[in-house]
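# Predicted coordinates and the sequence they were generated for:
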Amino acid sequence: MRQHAIPQNVLDVEFKLFTKFTLKEFAYLALGIGFGGLMIYLTVDKVIPAVLGIPVFFLSSISGIFLGLVPINDQDADKFIQSYISAINNPTQRAWLNKKMKAERIKPAMKPNEEGKLVAKEDKNDKPKIIGATFVNTVKGEEIEETKKEETTEDVEVNTATPAIDQNNIIITEDNIDKFQFNISSADNLPGNINVWISTKDLKPIPNIIVYLKTKDDKMLYANKTGPNGYFLTNKIWDPGIYVLYFEHPQYKFPRVEIHLAKKENKLPIKINAI
């Protein structure tokens, strides 16, 4: 027995009477004009007053003709009205992105490998050698050892030579930037020259922090979220000037960081701890 294809939704099939005139269009015309004719008949027999019958006749007939024959935006009038009502009851919220944000979304996400180099997540050559090991744990341990060593030396320098830093408002200049930056082997491959590594007081990276890069007069320049390893990386070389970083997270609080950028070629990440 031969089987014929059955449409998934029978209601989507248009049954045509002749040429392009469909059964649905005929039904709208018949109902609209037929109900209007009934109103005229009842008005002539004085069953209903003419003040009511004549307007209903015109309204019903015009509605039938409009729904049956008039297209709107290359679609049937009933489909357009249905979509319009659905759009009003279920509004769509759109987030508009500028060109920089669109370009950032297209770029592959970065992650550090076992050697501490930032590589794309799609890099197949970067695989853990030990079963069950993860990149986050490996890099995290290396970075914590490096940052702990830096912190011990920084504490000695701060206590002996410089006053304590305000935890709520950090100002980084060319004179003290060495106290905040740390070396990574892949710094030259980073696309931008304002890069930040954000961690807790225990030197554990904090992901999903919304970071805003602004000018000193509060003009928005760039925004992004930190990755699983706590890195905030910009996507361009910024000119020398004063830049301000603001951090937003539901659990942690962070200082306001003001960066006095003097050298465009310095791409080393800056270490910022939660308050």
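Received, thanks. Numbering: from 1, shown residues only.
# Show me the shaky parts of the stretch 151-275 of the chain.
Residues of the stretch 151-275 of the chain that meet the criterion pLDDT under 70 lie in 151-165.
# Go ahead and name everything in contact with the host helix or strand of S60.
Following DSSP states H and E, one finds S60 within helix 50-69. The contact list for helix 50-69 (Cβ atoms under 8 Å, 6 or more residues apart in numbering) reads 24-33, 35-37, 39-40, 42-43, 76-78. Bear in mind the C-beta positions are built from the backbone N, C-alpha and C, glycine included.
# Only the buried subset of these, as a ChimeraX command please.
Buried residues among the contacts of helix 50-69 (16 or more other Cβ atoms under 10 Å), as a ChimeraX selection:
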select :24,25,28,29,32,33,35,36,39,40,42,43,76,77
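# contacting residues for P269?
P269 makes contact with Q181, F182, I184, A187, N195, V196, W197, Y231, according to Cβ under 8 Å, 6+ apart.
# Show me which strand runs longest in this protein.
What stands out as the longest strand in the chain, according to DSSP state E, is strand 241-248.
# For that strand, C-alpha coordinates in PDB please.
In PDB, the C-alpha atoms belonging to strand 241-248 read as follows (Å, rounded to 0.1, in the frame of the first residue of the first chain):
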ATOM      1  CA  GLY A 241      45.300  58.800  29.900                       C
ATOM      2  CA  ILE A 242      43.300  58.300  33.100                       C
ATOM      3  CA  TYR A 243      40.900  55.400  33.100                       C
ATOM      4  CA  VAL A 244      38.600  54.200  35.900                       C
ATOM      5  CA  LEU A 245      37.400  50.700  36.600                       C
ATOM      6  CA  TYR A 246      34.200  49.800  38.400                       C
ATOM      7  CA  PHE A 247      33.200  46.300  39.500                       C
ATOM      8  CA  GLU A 248      29.800  44.800  40.100                       C
END
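# Can you give me the buried ones in that strand?
Going by neighbour count (16+ other Cβ under 10 Å), the buried part of strand 241-248 is Y243, V244, L245, Y246, F247.
# distance of the closest residue to the last one other than its chain neighbours from S199?
Distances taken as Cβ to Cβ, 6 or more residues apart in numbering place F254 nearest to F247, at 3.6 Å, with adjacent residues excluded. For F254, the distance to S199 under the criterion Cβ to Cβ, to the nearest Å works out to 11 Å.
# ok, now Y212?
Y212 is 19 Å from S199, by Cβ to Cβ.
# need the helices for the stretch 51-200 of the chain, in chain order.
77-89, 99-106, 135-160 (DSSP state H, counting those that start in this stretch).
# Name the residues of stretch 45-64 that are buried.
Within stretch 45-64, the residues that count as buried by 16+ other Cβ under 10 Å are G53, V56, F57, S60, S61, S63, G64.
# Nearest to P191, out of the residues you listed: which one, please.
Set against P191, the nearest of the buried residues of stretch 45-64 by Cβ to Cβ is S63 (60.0 Å).
# Which pLDDT value goes with that closest one?
Note on S63: pLDDT of 89.
# now do T22
What the model reports for T22 is a pLDDT of 78.
# again, but for the one 5 residues further on
Turning to A27, the model gives it a pLDDT of 86.
# doesn't it fall inside a helix?
Yes: counting by DSSP: H, G, I helix; E, B strand; the rest coil, A27 is located in a helix.
# Count the residues that sit near the nearest residue to it once chain neighbours are set aside.
Using Cβ to Cβ, 6+ apart and skipping the chain neighbours, the partner closest in space to A27 is G68 (7.7 Å). G68 is flanked by 22 other residues according to other Cβ atoms under 10 Å.
# Equivalent analysis for L203, please.
18.
# and if you look at K99?
By other Cβ under 10 Å, 7 other residues sit near K99.
# ok, it to N193 distance?
20 Å.
# quick one, which of Y212 and S199 is more surrounded?
Higher neighbour count among Y212 and S199: S199, with 21 against 16, using other Cβ under 10 Å.
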